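S.K.: With the input below, show me the fold.
(4 chains)
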Number of protein chains: 2
Amino acid sequence: MQPTSPLPPLRLSAPGPSGRVDAAVTLSTVARLVASGAAVSKADLVAAAGLARTTVSTAVDELLARGVLRPDGARPTTGRGRPADRLAMSGRGGHVLLADVGARGAHLAVVDLSQRVLAHEHIDVDVQDGPDAVLDAIEVGLIALRGRAAHTGDPAVRAVVIGLPGPVDGNLGIPVRPPIMPGWHAYPVSARLQRTFDCPAVLENDVNLRALGEARALPADQAPLLFVKVGTGIGGGLVSREGVLHHGADGAAGDIGHVRVRGGPDVACACGNVGCIEAVASARAIARRLTIPPHGGGRPTINDLRALISRGDPEALGVVREAAGLIGELVATLVHFYNPARVTLGGSLTAASDELLAGVRSVVYQRALPLATRNLVLTNSVLGEYAGLAGAAVLGIERVLSPPGMDALTAPRP
Amino acid sequence: MQPTSPLPPLRLSAPGPSGRVDAAVTLSTVARLVASGAAVSKADLVAAAGLARTTVSTAVDELLARGVLRPDGARPTTGRGRPADRLAMSGRGGHVLLADVGARGAHLAVVDLSQRVLAHEHIDVDVQDGPDAVLDAIEVGLIALRGRAAHTGDPAVRAVVIGLPGPVDGNLGIPVRPPIMPGWHAYPVSARLQRTFDCPAVLENDVNLRALGEARALPADQAPLLFVKVGTGIGGGLVSREGVLHHGADGAAGDIGHVRVRGGPDVACACGNVGCIEAVASARAIARRLTIPPHGGGRPTINDLRALISRGDPEALGVVREAAGLIGELVATLVHFYNPARVTLGGSLTAASDELLAGVRSVVYQRALPLATRNLVLTNSVLGEYAGLAGAAVLGIERVLSPPGMDALTAPRP
DNA sequence: TATTTTTCCGTCGATATCGGACCGTGATGC
DNA sequence: GCATCACGGTCCGATATCGACGGAAAAATA
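M.R.: Coordinates of the predicted model:
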């Protein structure tokens, strides 16, 4: 047989970053290990980073000189041998501002590079008011928070992270046709925050932030992780096995609110289609289906629904169970497809009761094949309403301690 | 407000591989660029690898000395300046054996490190006969193929890659409870092949191989890619934006044959559940639903179905259209969720006609949001029945040219 | 108390890579 | 013939990392 060649040229991937490893990468690695609490001494760093003692030593010296790290006086003995010289983030490394914006409110926070929350608060904003009003309020809130946090010296703001409830283009730093955020399309969110605070700004989808926060608060073997938020809308976030967010081709990955599910009624959805899961199983959709008139009259709200659930109202529990079944069908499909190590449910409906979790579990474990569910952990969010801030903190601190970001830390303020 | 701290410790990821870049990584990078055809001269390598000229020069010298690369006599001028000294894989680098096993047959091939197919054939095997019989036949076939291919000298076999139609654990090299492969569970496939051919063996799922083959035959910007195979069964494969296969937590990712779809009948499936898409929309399921008695009597087979389709039989086209609608619903869901740059359909049903593609497209573009479909390319497989071999070639060549694999190339056979 | 063990950490020379400088080579165009 | 362009070889200084050695601090042991 003469070589007929049925194959076209195939791309081969590189085995990894080749070329010289920049010293900045080593610095970043060491700084992140200290910032994440994974290492508090040089010996820890050697083990965690897989670097030689000398390399770690050089990097730590450099970071001490730059004021990123500081020696931590405490030297608790471990029982045997010379106790380690403990290291910590210096506190002079600067602050990171966080804003996790939901449909009706925003969590704001100031954290330092060692993940300490220096101040946080919740403010009332409505994304329907448009980007100018909302970002005004957020900027004012963050500046105030920072004022309260910066009692020791005046550490600079090194990064701002904002999460918005809609699709975003993280590279351009703009929302992309967000359904529930009129007027936000292509508004230069990142550019504005970058100008205001004179530092890098990171824009991310709110559910992605929660997914990332959950994933990084859990052991690394709990990835890949799928986060499903059931609140006013329904959304998803994916964290890969390596612990990084999956954005897809257009940054639209995880946008599962408008998939159609088996057995759902053909309710019209705001997106123009019918039968979207968001239109039949979101908290808003469930509240609408209640026949019980709410306390104050008018249409039942999500808060009414939560009140009824916590009181154990049979009709409310019934509709939630029904919605849970529909969501469970979807989750079962996604578990088959993506085979995550963990599925985490979040959002207002999960906080109210365990009905949703129970319903989803029931369907998933019945429908999905054992191979995909054998090791699957399916739980409610462990961070609750703070999952978004946690994800934002991860993105912000990693941004500051990334190789290019480290350069800004060369000359710390006096 | 005093620092209440609602956040638990969060893991920060490393910025990248730190530590010393091994010389073997540089060698691997250079070798892969030549093997993939991305670079044919040192100047190309400098641009493609991002390495210094001196580093590339050193690496190429080393690879020439080891006999991995050879100078290619041809020096076609580009019109201006000195023409490059062209490089090519030496041919003494060894061979890679490939086996893409389907339910009823296997494609076998021998390729060299420059992706040339030296010999290939299709053999009839039935995985139902169990691993011993099937692997016997494959080994015999591969040895025969290799005999025909090895007319020039006697290049060693450097790797064997096998794809099987079921879930596998690539690390352990064993199938994991494959539904259509009785007797294969936990059979040490990789270990056996490794012993037979005295070289590394790679085991992968067959649909994953096709997905990888498609992805690597297309430009890099066509990732992430979702491959959907519709044949005897229904399966999926995911390639990430970086061009690597997504396996999920248990290696079960892409196993979408047993998800339930909207509007499908409650047909019993071999997996024990009802309404699985594989039970209602696979080629086998469609053939069963034909009322036309087949040529030779008995139950209609997949081949009967394909014959009817190519003849334009209205009933056959009708059931295919119907199945395409169900598959389209699923693909629409997955497109929302994963947001791939490309969806590729493969398998026997797509090869027969364009009905399936048309039906899937129709539903996906109607159901999925524009944000996720705006840039989506949804086509039939470009490699057809050879997609699996292409993916296997990628895995095999990358294995041979990986840093540990390079060591075996130090002392080429005389 | 003196010694050993254990663990942590700093210093030094060795190694490998990087990137720039300089120059030679082989083609084209004037 | 000469200039130009692009490819490529060689040398060298800079630098990141490593391994080996030895010192320092605490606990265990004699």
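S.K.: Low-confidence stretches in the stretch 51-200 of chain A?
M.R.: The stretch 51-200 of chain A contains residues with pLDDT under 70 at A:74-79, A:150-153.
S.K.: Quickly list what the residue in it positioned nearest to chain B is bridged to.
M.R.: For the stretch 51-200 of chain A and chain B, the shortest gap (CB to the nearest CB) falls at residue A:117, measuring 4.8 Å. All C-beta atoms are positioned from the backbone trio N, CA, C, and that covers glycine. Beta bridges link residue A:117 to residue A:111, judged by DSSP bridges.
S.K.: Go ahead and confirm it touches residue A:110.
M.R.: Yes - contact status for residue A:117 versus residue A:110: in contact at 7.4 Å, counting by CB atoms under 8 Å.
S.K.: Pick out whichever of these two has more residues nearby.
M.R.: residue A:110 (24 against 21; other CB atoms under 10 Å in any protein chain shown).
S.K.: got the contact list for the more buried one?
M.R.: Contacts of residue A:110 were listed using CB atoms under 8 Å, 6 or more residues apart in numbering or on different chains, and they are A:95-98, A:117-120, A:142, A:145-146, A:149.
S.K.: cool, residue A:159 as well?
M.R.: Residues near residue A:159 by CB under 8 Å, 6+ apart: A:96-97, A:199-202, A:396-397, A:399-400, A:405.
S.K.: how does it look with 10 Å?
M.R.: Residue A:159 makes contact with A:94-98, A:113, A:193-194, A:197, A:199-202, A:392, A:395-402, A:405, A:408, according to CB atoms under 10 Å, 6 or more residues apart in numbering or on different chains.
S.K.: which SS state does residue A:26 fall under?
M.R.: Using DSSP: H, G, I helix; E, B strand; the rest coil, the three-state assignment for residue A:26 comes out as helix.
S.K.: what is the rounded mean pLDDT of the helix or strand hosting residue A:208?
M.R.: Counting by DSSP states H and E, the element that carries residue A:208 is helix A:206-217. Taken as a whole, helix A:206-217 has a mean pLDDT of 96.
S.K.: Which helix or strand lies directly C-terminal to that helix?
M.R.: Per DSSP H and E, the first helix or strand lying C-terminal to helix A:206-217 is strand A:225-230.
S.K.: buried stuff in stretch A:181-194?
M.R.: Buried residues in stretch A:181-194, counted by 16 or more other CB atoms under 10 Å in any protein chain shown: A:181, A:184, A:187-190, A:192-194.
S.K.: just stretch A:256-270 next, same as before
M.R.: A:256-262, A:264, A:269.
S.K.: swap in stretch A:214-225?
M.R.: Neighbour counts over stretch A:214-225 (16+ other CB under 10 Å) mark A:214-218, A:222-225 as buried.
S.K.: Does it reach chain B?
M.R.: Yes - Stretch A:214-225 lies within reach of chain B by CB under 10 Å from any CB of the partner chain, at A:215-225.
S.K.: Any chance of a markdown table for the buried residues of stretch A:256-270, columns secondary structure?
M.R.: Compiled in a markdown table, those are given as follows (three-state DSSP):
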| residue | secondary structure |
| --- | --- |
| A:256 | helix |
| A:257 | helix |
| A:258 | helix |
| A:259 | coil |
| A:260 | strand |
| A:261 | coil |
| A:262 | coil |
| A:264 | coil |
| A:269 | coil |
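S.K.: ok, so what distance separates residue A:262 from DNA strand C?
M.R.: According to CB to the nearest atom of the strand, to the nearest Å, residue A:262 and DNA strand C sit 54 Å apart.
S.K.: got a list of what that residue touches?
M.R.: A:275, A:325-326, A:329-330, A:333, B:259-264, B:275, B:329.
S.K.: Need the max-distance pair from those.
M.R.: Largest separation among the contacts of residue A:262 by CB to CB: A:325 and B:329, giving 18.0 Å.
S.K.: Low-confidence bits of the stretch 251-400 of chain A, can you list those?
M.R.: A:292-298.
S.K.: and residue A:277, how many neighbours does it have?
M.R.: Residue A:277: 26 surrounding residues under other CB under 10 Å.
S.K.: Next, the contact list for it, please.
M.R.: Residues near residue A:277 by CB under 10 Å, 6+ apart: A:230, A:233-234, A:256-261, A:264, A:269, A:285, A:323, A:326-327, A:329-330, B:333, B:336.
S.K.: the strands in chain A, which residues?
M.R.: For chain A, the strands defined by DSSP state E cover A:69-71, A:87-89, A:95-101, A:105-112, A:117-124, A:157-164, A:168-169, A:174-175, A:201-205, A:225-230, A:234-239, A:342-346, A:377-380.
S.K.: Looking at the contacts of residue A:262, which is nearest residue A:304?
M.R.: The shortest approach to residue A:304 among these belongs to residue A:326, at 21.0 Å (CB to CB).
S.K.: And the closest one, how far from chain B?
M.R.: Noted for residue A:326: a distance of 11 Å to chain B, by CB to the nearest CB, to the nearest Å.
S.K.: just the helices in the stretch 1-150 of chain A please.
M.R.: In the stretch 1-150 of chain A, helices defined by DSSP state H, counting those that start in this stretch lie at A:23-35, A:42-49, A:53-66, A:131-149, listed in chain order.
S.K.: can I get those helices in CSV with mean neighbour count?
M.R.: Output for these, formatted as CSV (neighbours: other CB atoms under 10 Å in any protein chain shown):
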stretch, mean neighbour count
helix A:23-35, 24
helix A:42-49, 18
helix A:53-66, 17
helix A:131-149, 17
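S.K.: I'd like these as a markdown table, with distance to DNA strand C appended.
M.R.: Output for those, formatted as a markdown table (distance: least, CB to the nearest atom of the strand, whole Å):
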| stretch | distance to DNA strand C |
| --- | --- |
| helix A:23-35 | 11 |
| helix A:42-49 | 3 |
| helix A:53-66 | 4 |
| helix A:131-149 | 30 |
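S.K.: Is it possible to get the ones you listed out as a markdown table so that each row also shows distance to residue A:173?
M.R.: Shown next, in a markdown table, are the helices of the stretch 1-150 of chain A (distance: least, CB to CB, whole Å):
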| stretch | distance to residue A:173 |
| --- | --- |
| helix A:23-35 | 22 |
| helix A:42-49 | 31 |
| helix A:53-66 | 28 |
| helix A:131-149 | 12 |
